[in-house]
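# structure of the sequence below:
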Amino acid sequence: MTLRTEVSDAVTRGGVRIAKFHTPEIIIGRGSLAEVPRAASGLGVRRLMIVSDLKVMGTPWYPELADRLRSSGLQVYSFTGVSPNPRAPEISAALEHYEAARCEGIVALGGGSVIDAAKGVAILAANGGHILEYEGIDRARRPLPPLVAAPTTAGSGSDVSQFCIINDVDRRTKVTIIGRGLVPDVSVIDPRLLATMPPEVVAQSGMDAITHCIEAFASVAHSRLTDTVALSAIATAWLCIERLVDDPTNPDAGLDMAYAALEAGMAFTNAILGATHAMSHPVGGLCDAPHGAINAVLLPHVIRFNAELDPQPYVDLAAAVGVPEAGSPYATADRFAASVAALAERVGLPGSLAPLGVREEHFEILTANAMADACMTTNPRQPVAADVARIYREAL
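Here you go, the predicted model:
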């Protein structure tokens with residue numbers, strides 16, 4: 001295997017590439033949910049809002065967390081009205097609760113949607129306005145209030161990332177908000193929380209993590225640091241995703257996937273992503289379909305598109321997960337794409353966009369929104385609109 005050795009980070013000073021690598025404080029291990037009160041107190045928070053959703057409310061984790069926070073002398077309020085693919089109006093409603101309670105910080109307990117919603121509340125609490133005004137890069141200028149993230153899924157990476165994805169219900173697409181200030185202050189990763197995930201959520205979130213590895217590794221903003229964690233993460237996720245889908249209560253598989261999702265998140269928040277996510281966001285906004293399932297459908301097609309320009313990243317990724325080389329780098333990249341599709345099928349995800357609600361008449365709006373998505377800028381091959389429309393058509 002010939003790993004790429006060049007550093008292609010987006011920052012250049014004096015002709016020299018500078019690799020930046022940003023992470024929050026990370027607390028990981030079984031039982032680590034007990035560390036949330038100490039983390040919040042350490043950030044100076046005394047009045048906080050738990051942001052969560054109704055599904056998490058029905059698990060043991062919400063009452064455990066709330067009890068621990070109150071037992072530590074913290075004043076606890078809550079907002080649990082977050083939907084999958086969180087909507088802009090939900091962010092505004094959560095902000096009203098936050099301000100009415102005079103909160104000083106946020107604890108997010110949930111999957112990527114909940115953590116993104118919490119980030120949205122934090123943006124508005126510090127900067128005001130409407131959440132959709134912050135679409136793009138570094139639009140939120142003022143420091144955000146303290147944020148502690150406790151993920152209940154393994155895959156979104158939102159607990160360590162500078163991304164916030166919000167559904168624009170009027171435009172029927174997702175908007176991408178990016179900024180270093182969006183990285184939570186502390187990520188508390190307790191693998192026990194994964195035991196209450198339904199198998200389909202394990203599959204969706206796991207394929208999301210694998211997509212993060214692949215897109216970060218191929219990104220034009222990759223660095224040696226992001227390459228290292230991306231390769232480690234995909235090797236682990238590839239081995240444990242099926243075990244965890246078969247039994248979400250498997251503690252060893254849960255711990256492995258928690259670490260893989262963490263490393264994948266560290267990779268993509270620093271290397272950014274690519275065309276798979278740029279094309280997935282509009283589908284999620286239009287069809288309200290699960291993000292990880294959309295990624296799993298689009299990813300093999302994007303791999304093949306990118307490999308026409310440079311197959312080497314996918315050769316390296318194939319080696320990391322044990323996919324044997326074919327007759328040429330291009331053939332190996334194609335074999336890797338087929339292996340990704342086969343893995344998604346084995347964990348029960350759809351093989352095309354049609355079951356997720358996409359129809360041919362959607363291609364024009366999906367293509368326009370994908371071309372405008374911030375994730376497209378770091379894709380290793382820059383597509384034109386006709387390329388994006390063709391990939392959607394092939395994936396249908």
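# ok, and the closest non-adjacent residue to the residue positioned nearest the centre of the chain?
Nearest residue to the geometric centre of the chain (CA atoms, centre = their mean): residue 156, 3.2 Å. The shortest distance from residue 156 to any non-neighbouring residue, by CB to CB, 6 or more residues apart in numbering, is to residue 112 (2.6 Å). The way it works is simple: take the backbone N, C-alpha and C, and place the C-beta from them, glycine included.
# isn't that neighbour right next to residue 152, touching?
No: the pair formed by residue 112 and residue 152 falls short of the contact definition of CB atoms under 8 Å, at 9.9 Å.
# for residue 78, pull up the helix or strand it's in.
strand 75-79 (DSSP states H and E).
# which strands border that strand, and is each parallel or antiparallel?
strand 47-51 (parallel) (DSSP bridges).
# contacts for the partner strand next, please.
40, 62, 65-66, 69, 74-80, 82, 94, 97-98, 101-110, 114, 117-118, 121 (CB atoms under 8 Å, 6 or more residues apart in numbering).
# one more pass at 7 Å, please.
40, 65-66, 74-79, 82, 94, 97-98, 101-109, 114, 117-118, 121 (CB atoms under 7 Å, 6 or more residues apart in numbering).
# can you turn the buried part of the residues you listed into a PyMOL selection?
In PyMOL syntax, the buried subset of these is picked out as below (16 or more other CB atoms under 10 Å):
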select buried, resi 40+65+66+74+76+78+79+82+94+97+98+101+103+104+105+106+107+108+109+114+117+118+121
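# next SSE downstream of the helix or strand residue 245 falls within?
Following DSSP H and E, one finds residue 245 within helix 224-246. Once helix 224-246 ends, the next helix or strand along the chain (criterion: DSSP H and E) is helix 251-271.
# buried residues in that following helix?
So helix 251-271, judged by 16+ other CB under 10 Å, has buried residues 253-271.
# the strands in the stretch 1-150 of the chain, which residues?
11-13, 16-18, 25-28, 47-51, 75-79, 105-110, 136-137, 147-151 (DSSP state E, counting those that start in this stretch).
# nearest to residue 165, out of the ones you listed?
Across the strands of the stretch 1-150 of the chain, residue 165 has its closest neighbour in strand 136-137 (12.8 Å, CB to CB).
# that closest one: partners in the sheet, and parallel or antiparallel?
Here strand 136-137 is paired, per DSSP bridges, with strand 173-178 (parallel).
# quick check: mean pLDDT of the strand it pairs with?
The average pLDDT within strand 173-178 is 92.
# can you dump the C-alpha coordinates of that strand into CSV?
Listed next in CSV are the C-alpha coordinates belonging to strand 173-178 (Å, rounded to 0.1, in the frame of the first residue of the first chain):
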residue,chain,number,x,y,z
THR,A,173,-33.2,21.3,1.9
LYS,A,174,-30.6,21.1,4.6
VAL,A,175,-28.2,24.0,5.3
THR,A,176,-24.7,23.5,6.4
ILE,A,177,-23.3,25.7,9.1
ILE,A,178,-19.5,25.4,9.8
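# show residues contacting stretch 237-249.
So stretch 237-249 is in contact with 194-195, 197, 199, 202-203, 206, 209-210, 213, 250, 253-254, 256-257, 260, 264, 321, 346-347, going by CB under 7 Å, 6+ apart.
# on that earlier part again, now what about the strand holding residue 78, what contacts it?
Against strand 75-79 from outside (CB under 7 Å, 6+ apart): 46-52, 66, 69-70, 94, 97, 101, 103.
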